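**Q** sequence? don't have it. structure:
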């Protein structure tokens, strides 16, 4: 028995469209794409019997003829739900590199996966506990940078003990841990179309970025298949949806029909090869963005034009090839509706001059290595897409241990040439001279992590940035600076760095990912912005504030006071306008420098001992009065209120500022006690007494 359905979703005037469709039926005609005649019993061919009347019978038959995706070594899993991402999750750049998981140094995950997973678990007990964490993000099929890391110290003890101590019920959800650190694929839960990307080995995945694993079908083939039009259509149809903003749940992927690759050479291998090409295209472009964990510094970032090539067209062509092979694997079934946004290019806009300033500043601070910009042969190649992510990006200025360089511990060019790829160290014993002296490096590095906006100081930020440009472009440095400033709307470099809505506002936007705001260059300023100390967050220590005062503010204040004293006699009688103006400037600057000095000393006297595990926001909030960008100050004000109130007693800074309160909290909260290595303070709650059995009423006689 058949039923007639009328579909009016695309009609602008639905009343008129309905009238037209009914009139056509009365005349014995049907309007294609509007009127459908279907036997409702055929709906049962699809799991959960979706009311997908618009679908061709050949598509419903796929759910009967082909096996489901889950099976034969393929599986779909949900991962970790921390229940408090602000506490447990960070951007990769805001935690110490020395505490990030160095999975690339473990056993080969291809040769012995269980041994690799065990090695990673053990490393989280050896101080390498910040683990790459796939948690969704922006639409980016095939490949998406993993910007986040999660605190998996001691295999997640702190997260596992994040419970409601009144009831004993866990807030967090730790599940499918046997799949942690295993290579796979991950997808966004809610987006306009199924969007699957690579999950490298050595990473964890979340409940919001579910994962696919396979021990049979190659992951690259699955990647291409799941990103194609056919599977997207099948998954949406299986829940009776065709529109945007579908919530893609594991069960939807698990039950989608999986093709039988009868012609192995034509389909599976082709899908593998094309998928890897697309991954390489997307990843190579993404690596030019400085927040990428695979960032490769390029002259294109900072002024020079790249060779003309249409990335969008290449991406579209490769996607079309994938779609052809995927649809052939499904016997060329007819797909009636293709998702409109299928051909979006998942590549960030090519970096422009505003990023050039950030890259130059990174070179000046010694974050990025300038030498690969001068000699491309020193640029490390990217590792296999499924391999573990490196602890430091390829562009980083490193020591021979693969961690950020320190004074007297900068790798040599011989070392850079000898490393196999960006995730590997040179083979032991192959490099005779692994390091160079600080003086042999082309740029002087401020190892204390402090530069200053002061033209009279040798550590002036603009002076150091211009030196970086001179090393990189030599005689073209001036024109590159002018071009960059012109692209920023005119003005000059100092003005752009000094304005709170200039560089710092842009830097804050670029270093905000997945709801985390994590700028690493901090402008601590006087009230008017006349004097600014720039702090490089990764080198922040408890002595940084004293260094700011003793090495910068006090000498500057002494000089300003001396100038004021010299001007004071000239203010008697009838001073010139120039003298009056200069005296007013000097007087104001002296007052602001004194206020800034007192504020830094006040914060230091509180017991300010920053621990980068706490993240940027908590480490910065005690210094909130010295930032000038309003929206960042608001963020820090809110964080300070919560820190002061006790909402963040898991933070190391809370223990430093209010030790008695935090230790009391540790006594009743095991997760807090674990966070502070104070488990001895935890007192387990008494076991609940069993309720007395209720007496049974006897039967009446």
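**A** Thanks, I have it. Keep in mind that what you see is a predicted model, and the values were worked out from it rather than measured.
**Q** give me the pLDDT for the residue nearest the centre of the chain.
**A** The residue lying closest to the centre of the chain (CA atoms, centre = their mean) is residue 147, at 1.9 Å. Per-residue pLDDT puts residue 147 at 96.
**Q** check which helix or strand covers the closest residue to residue 270 other than its chain neighbours.
**A** Spatial nearest neighbour of residue 270, excluding adjacent residues (CB to CB, 6 or more residues apart in numbering): residue 325 at 4.8 Å. For glycine as for every other residue, the C-beta is placed from the backbone atoms N, C-alpha and C. Here residue 325, judged by DSSP states H and E, is contained in helix 311-329.
**Q** ok so, going back, burial count for the residue nearest to residue 270?
**A** 22 (other CB atoms under 10 Å).
**Q** kindly state the pLDDT recorded for it?
**A** pLDDT recorded at residue 325 is 86.
**Q** wait, it sits on residue 273?
**A** No. In this structure, residue 325 is not within contact of residue 273 by CB atoms under 8 Å, at 9.8 Å.
**Q** can you give the distance of the helix holding residue 325 from its chain's centre?
**A** Put simply, helix 311-329 sits 28 Å off its chain's centre (CA atoms, centre = their mean, to the nearest Å).
**Q** could you do stretch 183-192 as well?
**A** 15 Å.
**Q** which parts of it are buried?
**A** Of the residues in stretch 183-192, 183-189, 191-192 count as buried by neighbour count, 16 or more other CB atoms under 10 Å.
**Q** of those, which is the nearest to residue 18?
**A** residue 192 (27.4 Å; CB to CB).
**Q** angles on the backbone of residue 76, please.
**A** phi -130, psi 130 (degrees, to the nearest 10).
**Q** return the residues in contact with it.
**A** Each residue near residue 76 by CB atoms under 8 Å, 6 or more residues apart in numbering is listed here: 69-70, 210-213, 250-251, 253-254.
**Q** narrow the residues you listed to those in strands?
**A** 211-213 (DSSP state E).
**Q** run through this structure and note the low-pLDDT ranges.
**A** By pLDDT under 70, the low-scoring segments of the chain are 241-245, 261-267, 298-309, 336-355, 688-689, 691, 693-701.
**Q** would you map out the domains in the protein?
**A** 3-65, 74-329, 352-524 (automatic domain parsing).
**Q** can I get the ones you listed in JSON lines including distance to residue 586?
**A** Output for the domains of the chain, formatted as JSON lines (distance: least, CB to CB, whole Å):
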{"stretch": "domain 3-65", "distance to residue 586": "69"}
{"stretch": "domain 74-329", "distance to residue 586": "37"}
{"stretch": "domain 352-524", "distance to residue 586": "13"}
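**Q** for the stretch 1-150 of the chain, which segments count as helices?
**A** 14-26, 57-65, 85-88, 113-123 (DSSP state H, counting those that start in this stretch).
**Q** repeat for the stretch 551-700 of the chain
**A** With DSSP H, counting those that start in this stretch as the definition, the stretch 551-700 of the chain shows helices at residue ranges 554-567, 577-605, 616-620, 630-645, 652-657, 659-668, 670-675.
**Q** of these, which approaches residue 334 most closely?
**A** It's helix 630-645; of the helices of the stretch 551-700 of the chain, that one is closest to residue 334 (CB to CB) at 51.0 Å.
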